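*Asks:* Got a sequence here, can you build the structure:
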Amino acid sequence: MRTLCASTLIGEFFVIGFAGLVAMKDPDLTQATVWTVSGVAMFLSLVLCGVVTRPGGVAVGWAFQVALFAAGFVVPTMFFLGVVFAALWWASVHYGRKIDEAKARFAARATDAAEPAGPAGAGA
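*Replies:* Below is the predicted model:
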């Protein structure tokens, strides 16, 4: 799950940076405001890459998706991109968990197959 979620978050990192460039065209926003908000959001996307597998990490990721969607009030394209990345986040979490479960089953079977069946010569 971590790899898929981190890939989604890295994609969001770049989208946030590009959205910051677009937001700079808004005459009501200062450069300092745009880059402070964009910088904090970009930093959070990187931090989330590391904590996604910890308790509450997925929930924080969902909150991040909501915030990304809400950025559409400043850069309207972010409404669309927010929906796209929320769908990618869902797929990353959903299929990532399935992959993790399959890996655990495979590892358990490999461990069971490697263990000896019993002491040699028992019953002779």
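*Asks:* contacting residues around stretch 42-62?
*Replies:* Here stretch 42-62 makes contact (CB atoms under 8 Å, 6 or more residues apart in numbering) with 1-2, 5-6, 9-10, 12-13, 16-17, 64, 89, 93. Using the backbone N, CA and C atoms, a C-beta is placed for each residue, glycine as well.
*Asks:* Please report which of the residues you listed has the highest neighbour count.
*Replies:* Glu12 (26 neighbours; other CB atoms under 10 Å).
*Asks:* tell me the contacts of it?
*Replies:* 45, 64, 68, 85.
*Asks:* Next secondary structure after the one helix or strand the second one maps to?
*Replies:* Counting by DSSP states H and E, the element that carries Phe64 is helix 57-70. If you walk from helix 57-70 toward the C-terminus, the next helix or strand you reach (DSSP H and E) is helix 77-114.
*Asks:* I'm done for today, thanks for sticking with me.
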